[in-house]
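Enquirer: Generate coordinates for the sequence data below:
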Amino acid sequence: MSIFDLWLSALPTMLCLALVAWAIATVRRNVGLVDIFWSLFILSGAVTYAVISSPTAHRAILVLVLVSTWALRLSIYLAVRNWNAPEDHRYRAIRARNEPGYTWKSVYLVFGLQAVLAWIISAPLAAAVSSESPIGAIDMFGAALVLFGICFESLADAQLAKFKTETANAGRVMDRGLWRYTRHPNYFGEFCVWWGFYVIALAAGAWWTLFAPLFMTVLLLKVSGVALLEKDIGERRPTYRDYVARTNAFFPGPPRQHT
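Expert: Residues are numbered from 1 along each chain as shown. Here you go, the predicted structure:
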């Protein structure tokens, strides 16, 4: 089986999981629950690649352990945070724009779309899992980058969760810990994770999967990440403007003096 055919084989699995996610979100009347399933889409793809290709190289084990760690950590964190929470304002806006009949439209507008995006981004995993070449130093560098990204975003999520539990912080902007150096440390962590997986795929000879981390970077910066979250946050939370003036949007850096 060619790499392309192997990569394509995971799309039906991801779309089936998207239907399950849609059914659950429909019962809960909260389309935002799709975020819980985002990382699981990719994990299901990685497992599909492994089952079909039956790899024997250590690289496949390394990738599966890393993907599982990343996906389960993120999914559990979002489930705890979002399961009983109101629907996120971003998804409420999509709902308002697409009524009537949004319940059915969300099958492809939200769930199907996210499954397809996850499939595109998973291309390096297909190449890395199916490779039989020996593991080497480049793989170790990629794995270290993935682990750094997981730890970075995990710490950022933990810091934000703790900040929100303190009643004195109601209405305030989180600007402590990692959030002091970047307004979106969780997204920067994701950036590191996916470039790390690409490095592992590169070690397997799959340089052509470069489109996947580039696409993920565009999503994080310009589409569903930074740009979308900050589209109107300055209007909803005026104090956020000062935070923007002194803090890098994405790549960590020292706070700027703001007068």
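Enquirer: Which other helices and strands does the helix or strand hosting L117 contact?
Expert: Element membership of L117 [criterion: DSSP states H and E] is helix 113-121. Helices and strands touching helix 113-121, by 3 or more C-beta pairs under 8 Å, 6 or more residues apart in numbering; DSSP states H and E, are helix 3-28, helix 34-53, helix 211-218. Where you see a C-beta, it was placed from the backbone N, CA and C, and this is true even at glycine.
Enquirer: same thing but at 6 Å, please
Expert: Under the contact definition 3 or more C-beta pairs under 6 Å, 6 or more residues apart in numbering; DSSP states H and E, helix 113-121 sits against helix 3-28, helix 34-53.
Enquirer: And the contacts of the shortest one?
Expert: With C-beta atoms under 6 Å, 6 or more residues apart in numbering as the contact definition, helix 34-53 has outside contacts at 6, 9-10, 13-14, 17, 21, 60, 64, 67, 71, 74-75, 78-79, 110-111, 114-115, 118, 122, 125-126, 129-130.
Enquirer: Buried ones in the next helix or strand after that helix, by neighbour count?
Expert: Using DSSP H and E, the helix or strand that follows helix 34-53 in sequence is helix 58-82. If you call a residue buried by 16 or more other C-beta atoms under 10 Å, then helix 58-82 has these buried ones: 59-60, 62-64, 66-67, 70-71, 74-75, 77-78, 82.
Enquirer: Just the pLDDT for the residue lying closest to V146 once chain neighbours are set aside.
Expert: Leaving aside its chain neighbours, V146 sits nearest to G196 (3.5 Å; criterion: C-beta to C-beta, 6 or more residues apart in numbering). Note on G196: pLDDT of 98.
Enquirer: Quick check: G196 touching F148?
Expert: No - G196 is beyond contact range of F148, at 7.5 Å (criterion: C-beta atoms under 6 Å).
Enquirer: more neighbours, those two?
Expert: Taking neighbours as other C-beta atoms under 10 Å, G196 and F148 compare with G196 leading, 24 against 14.
Enquirer: Is the more buried one within a helix or a strand, and which one?
Expert: Under the criterion of DSSP H and E, G196 resides in helix 185-203.
Enquirer: and that helix, what does it pack onto?
Expert: helix 123-130, helix 137-165, helix 211-218.
Enquirer: how about the second one: buried residues?
Expert: Read that as helix 137-165. In helix 137-165, counting by 16+ other C-beta under 10 Å, buried: 139, 142-143, 145-147, 149-150, 152-154, 156-157, 159-160, 163.
Enquirer: and that helix, what's its mean pLDDT?
Expert: Helix 137-165 carries an average pLDDT of 96.
Enquirer: Run through the neighbouring helices and strands of it.
Expert: Other elements packing on helix 137-165 under the criterion 3+ C-beta pairs under 6 Å, 6+ apart are helix 58-82, helix 185-203.
Enquirer: relative to helix 185-203, how tilted is that helix?
Expert: With axes from the mean of the first three to the mean of the last three C-alpha atoms, to 10 degrees applied, the angle from helix 137-165 to helix 185-203 works out at 170 degrees.
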